[in-house]
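>>> just a sequence and a predicted model for now, questions to come.
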Amino acid sequence: MKINFNTTIEGDIVKLVPYRKHHVDVYHVWMQDPFLQETTESEPLTMEEEYQMQASWAADEDKCTFILLDRSLPDTPGTGSHGGAMAGDVNLFFNDPDDRTTAEIEVMVAEQKSRRKGIAAQALGLFMAYATDKLGVQRFLAKILESNSASITLFDKLGFQEYKRIAIFKEVHMELIVDGEVAQQLAARAKELRYGEYDDPNPGS
């Protein structure tokens, strides 16, 4: 999605940055992990396919992706200096062309050393505030494997509620409606988001 091509959002323990070409090599390594393939319901791609995917997502107005940086760790080699190590990603998908207010949301903390720190919860909180404010999302959906109890618990704590199960895919579908107190909380959080630019506006200065 072009709107977040140069956008960063900074939290206390995680920083959201746009998914760029120099992130692909590490991302590709992550997605060779059978555990991550299972929990994200993804098929492994070749390196060439991974680069093509990154480029297409950057231009696709139905997908919004941020890479998660673990602010407690040094920058990942080869990715520049942006305030943390690559840890995972968050994604938003507009699956219905006739409904731009409903979006599927997902999070992945791929690096073992970045898990159990609260990164996923904080990243989702920042991302949902951004999505309601900048993208007009009014309903979030999460599709989670029944076996992924940690993810189900995470979304439950964020206020999502189960609304159906898809037995054939062994999925739990959860939703968060942005109204009432939820809308107020996200609006307040959106006003406090710490934005930045990924590319240095004054290189060499």
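Nice, I can see it.

>>> alpha carbons only for contacts and neighbour counts from here, please
Noted.

>>> tell me the spacing between residue 163 and residue 124.
Taking C-alpha to C-alpha, to the nearest Å as the measure, residue 163 and residue 124 are separated by 20 Å.

>>> for the nearest residue to residue 162 once chain neighbours are set aside, give me the pLDDT.
The shortest distance from residue 162 to any non-neighbouring residue, by C-alpha to C-alpha, 6 or more residues apart in numbering, is to residue 174 (4.1 Å). As predicted, residue 174 sits at a pLDDT of 98.

>>> which one of residue 163 and residue 124 is surrounded by more residues?
Neighbours were counted for residue 163 and for residue 124 using other C-alpha atoms under 10 Å; residue 124 has more, 20 against 11.

>>> quick check: the more buried one touching residue 90?
Yes: contact criterion C-alpha atoms under 8 Å: residue 124 and residue 90 qualify, at 7.3 Å.

>>> overlap in contacts, these two.
Contact criterion C-alpha atoms under 8 Å, 6 or more residues apart in numbering; residues bridging residue 124 and residue 90 by contacting each: residue 107.

>>> so where do the strands sit in this structure?
Listed in chain order, the strands of the chain (DSSP state E) span 7-10, 14-18, 63-70, 85-93, 102-109, 139-145, 161-166, 171-177, 194-197.

>>> ok, and what's touching the last one?
Strand 194-197 has contacts (C-alpha under 8 Å, 6+ apart) with 6, 7, 8, 9, 10, 11.

>>> residues in contact with the helix or strand bottoming out on mean pLDDT in the chain: which ones?
Here the helix or strand of the chain ranked lowest by mean pLDDT, DSSP states H and E is helix 34-39, holding a mean of 92. With C-alpha under 8 Å, 6+ apart as the test, helix 34-39 has contacts from 30, 31, 42, 43, 44, 110, 144, 145, 148.

>>> for it, which positions count as buried?
Neighbour-count burial for helix 34-39 flags residue 36 (criterion: 16 or more other C-alpha atoms under 10 Å).
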